[in-house]
Each structure stands twice: as structure tokens, then as C-alpha cells.
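In: Here is a sequence with its predicted model. Questions after.
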Amino acid sequence: MQVAFFIPVHSRLLRRRRLNLCKGGTPYGELQSDRGDEPKGRRGQDHDHRQPRPTANLGIGLARQNKRVLLIDADAQGSLTLSLGYPKPDELPVTLADIMQNVIDDTPIPDGCGVLHHGEGVDLLPANITLSGMEIRLINAMSRESVLRTYINAVKPHYDYILIDCMPSLGMMPINSLAAADSVIIPSQPSFLSAKGLDLLMQSIAKVKRQINPKLKIDGILFTMVDSRTNEAKEIIASLRAHYGEKIRVFGTEIPFSVRAAETSSRGKSIYAYDKNGKVAAAYRALTKEVLEIERKNERFRDDAAR
């Protein structure tokens, strides 16, 4: 079980023309998400370890508010890719590993190359097991911490939000993600192990901020899979709010535990498409509003500072 995972968020409210995906290249974006050929018996399983991805539900929530959103799967397990309905990520022709290798080799990347268009309004740069080899290749790469940032700088004018789904470690891939991000959202389950992992993650983020990306900030801690019926969850949430609340935002929205929500990843749909009237969908709508309000406040602050 993941103790804590983080989602670096690169947001730019730019009013520019949308990216002409795969212009002059193979139309990878035409690949459709399809769970129909998934092996029988797999559907409905793995709910314990294939949890719903906050990255996907937040990204689609932003897209429903007419924001242009790119999701980047920076986890070699391809969890985000799987949860969005691509059951065979190893068969995808282009993934994040290929894009980063092109950056390392200084090879031009066609517009939109490798980007998949999801039916719920977001774009996805997928990942698969080949990304695990990128950790080794990055060790000897020039400007190794900024490979992903180079790609994001090229595509960010075409998106309002770029959400990067990361593994809970501080290898070269997470460092690349933090180096490319404006801010970080930290989802955490209200459990003992997740709470213990938060301090270590905060230290790692602070180290990247000091040494690599001084503009990096933490947007907040998001509690997920919250079972409000248990005393442990209530006590841990209260304790973490008291411990971090004065220094770091703790989102007012809490994502509740739901069996229906746990089924979304194996169905390749967001919570909005699978259970739009449920409590988890309502929570993600509230989270989306919080994230948009944070951006509005940041915009006002930047405007005031520019005067």
C-alpha cells in the first residue's frame, strides 16, 4: 500500500489556441479507451490496491469547468493509464518514457505525440513499465532533473492545468516531476502509516524546493478514502489538521470511502461517469472548486505584485 503519493500540479491559465495533437505524426490520440477486451475475472477485482486516482477525478473535474487539462502518468505501474480505461499500456506505441528519451537525445517531438484523448475531456500522456528503465538512463543524462520540465515547457501554453501522477518515492522520476511543477497536492489516507509518511514526504519536497525548484509550493494535503465511521480516521484527521493546518493548507474537502468509487479504476471511468450522483462525485466537485479558488487567489496575488 502506498503510504503517500503526491501530484505535482503545473497550472497556467493561458488563453491560447488548443494544441493540434499529433500534427504531422501518428494519430496516437485516436486510440480509444476500451475495457471490452480485458480478461474475464479481472473486472471488479483489485479494488484494494487499484484505488481511484485523485489525479484523474480532479483533472476531469477541471475539464468539466472548461479547463484544458493534460494528465501525465509518471508511475511505471501505469496506474493512471489503467484507471482511465487503457488496460494494455505495454502495447501503447508512445509513452512518457519515449518522450523523455527524445528530450535526452535532443530529438524533435511532434506536437501531441503520444497524447491520448479521453472521452471525458482530458488528454493523457500514458506510462508503462518502460518508465522504470528511465530512472537509470536519467542518472547520466545532462540536466537530468529538468528532462520532464523541458517537455512541459513546450506544451504548457496549450493547457490550463497539467497534473502529474507520481509514485511515492524520491527517485529521478518524482524529482523530475517536482522540478517541473508549480505546486504539489498531497493525497493521504487517514491511517497510521500514511500519517507517518507525510513528514518524510514534506522533507523531500522541501529539499527539492531548496536545491532545484525554489518556486515550488504545497497547495495542500487532501484526505482520501475517508471512513468517517471509524474513530481512528477522525483522530488522525484532527491530529494532522492541528499539526499542519497553520503551516500548510489542509483541504476542507475530504474524499470519502466508497465501494462504488473503488470500482471506477477497473471500469476505466471517472467517478463522474460511473456514479455521478454519489457522495464521492460530490466531494470531487467540491475539491475542484477549492483548486480553482486557489488559482484565482494566486492570480490576484500575482496581479497585485506586478503593480
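Out: Received the coordinates, thanks. Numbers count the residues shown, from 1 in each chain.

In: Quick one: mean pLDDT for the longest strand seen in the chain?
Out: Counting residues, the longest strand found in the chain (DSSP state E) is strand 217-226. Strand 217-226 carries an average pLDDT of 91.

In: Determine how far it lies from the middle of the whole chain.
Out: Strand 217-226 sits 12 Å away from the centroid of its parent chain (CA atoms, centre = their mean, to the nearest Å).

In: Just the angle for the biggest helix by length in the chain relative to strand 217-226, thanks.
Out: Longest helix in the chain by number of residues, with DSSP state H as the criterion: helix 279-306. With axes from the mean of the first three to the mean of the last three CA atoms, to 10 degrees applied, the angle from helix 279-306 to strand 217-226 works out at 170 degrees.

In: Which elements pack onto helix 279-306?
Out: Applying 3 or more CB pairs under 8 Å, 6 or more residues apart in numbering; DSSP states H and E, one finds that helix 279-306 contacts helix 54-63, strand 217-226, strand 250-256, helix 271-274. Using the backbone N, CA and C atoms, a C-beta is placed for each residue, glycine as well.

In: thinking again about what came up before, can you name every helix or strand that the longest strand of the chain contacts?
Out: Judged by 3+ CB pairs under 8 Å, 6+ apart, the packing partners of strand 217-226 are strand 183-188, helix 192-211, helix 231-244, strand 250-256, helix 279-306.

In: can you pull the buried residues of the last one?
Out: With burial defined by 16 or more other CB atoms under 10 Å, the residues of helix 279-306 counted as buried are 280-281, 283-288, 290-292, 294-295, 298.

In: Next, the contact list for the residue nearest to the spatial centre of the chain, please.
Out: Nearest residue to the geometric centre of the chain (CA atoms, centre = their mean): residue 165, 3.1 Å. Contacts for residue 165 (CB atoms under 8 Å, 6 or more residues apart in numbering) come out as 5, 7, 53, 55-56, 71-75, 79-80.

In: quick check, it in a strand?
Out: Yes - counting by DSSP: H, G, I helix; E, B strand; the rest coil, residue 165 falls inside a strand.

In: was I right about residue 278 contacting residue 262?
Out: No - judged on CB atoms under 8 Å, residue 278 makes no contact with residue 262 at a distance of 11.6 Å.

In: Residue 141 touches residue 106, doesn't it?
Out: No - taking contacts as CB under 8 Å, residue 141 lies outside contact range of residue 106: 10.8 Å.

In: Looking at the two, which is more packed in?
Out: Ranked by neighbour count (other CB atoms under 10 Å), residue 141 and residue 106 place residue 141 first, with 17 against 8.

In: now the closest residue to the more buried one other than its chain neighbours: how far from residue 154?
Out: Nearest residue to residue 141, sequence neighbours excluded (CB to CB, 6 or more residues apart in numbering): residue 104, at 4.9 Å. Between residue 104 and residue 154 the computed distance is 14 Å (CB to CB, to the nearest Å).

In: who's more crowded, these two?
Out: Per other CB under 10 Å, whichever of residue 104 and residue 154 has more neighbours is residue 104, with 18 against 14.

In: does residue 94 count as helix, strand or coil?
Out: Applying three-state DSSP: residue 94 is coil.

In: Repeat that for residue 106.
Out: Here residue 106 is coil, with the state taken from three-state DSSP.

In: How about the one 4 residues further on?
Out: Each residue gets one of three states, and residue 110 gets coil by three-state DSSP.

In: can you check the one 4 residues further on too?
Out: The local conformation at residue 114, judged by three-state DSSP, is coil.

In: What about it, how many residues nearby?
Out: Using other CB under 10 Å, the number of residues around residue 114 comes to 24.

In: Which pLDDT value goes with it?
Out: With respect to pLDDT, residue 114 scores 94.

In: you'd agree it is up against residue 127?
Out: No - between residue 114 and residue 127 there is no contact under CB under 8 Å: 10.2 Å.

In: Can you pull the residues that touch both of the two?
Out: The contact sets of residue 114 and residue 127 overlap at 95-96 (CB under 8 Å, 6+ apart).

In: Buried residues in stretch 168-182, which are they?
Out: Buried residues in stretch 168-182, counted by 16+ other CB under 10 Å: 168, 170, 172-182.

In: Which of those residues fall in helices?
Out: Per DSSP H, those map to helices at 172-180.

In: Mind putting the residues you listed into a markdown table with distance to residue 209 and pLDDT?
Out: Listed next are those as a markdown table, based on distance: CB to CB, whole Å; pLDDT from 0 to 100:
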| residue | distance to residue 209 | pLDDT |
| --- | --- | --- |
| 172 | 17 | 90 |
| 173 | 18 | 91 |
| 174 | 13 | 90 |
| 175 | 12 | 91 |
| 176 | 15 | 93 |
| 177 | 13 | 92 |
| 178 | 8 | 91 |
| 179 | 10 | 92 |
| 180 | 13 | 92 |
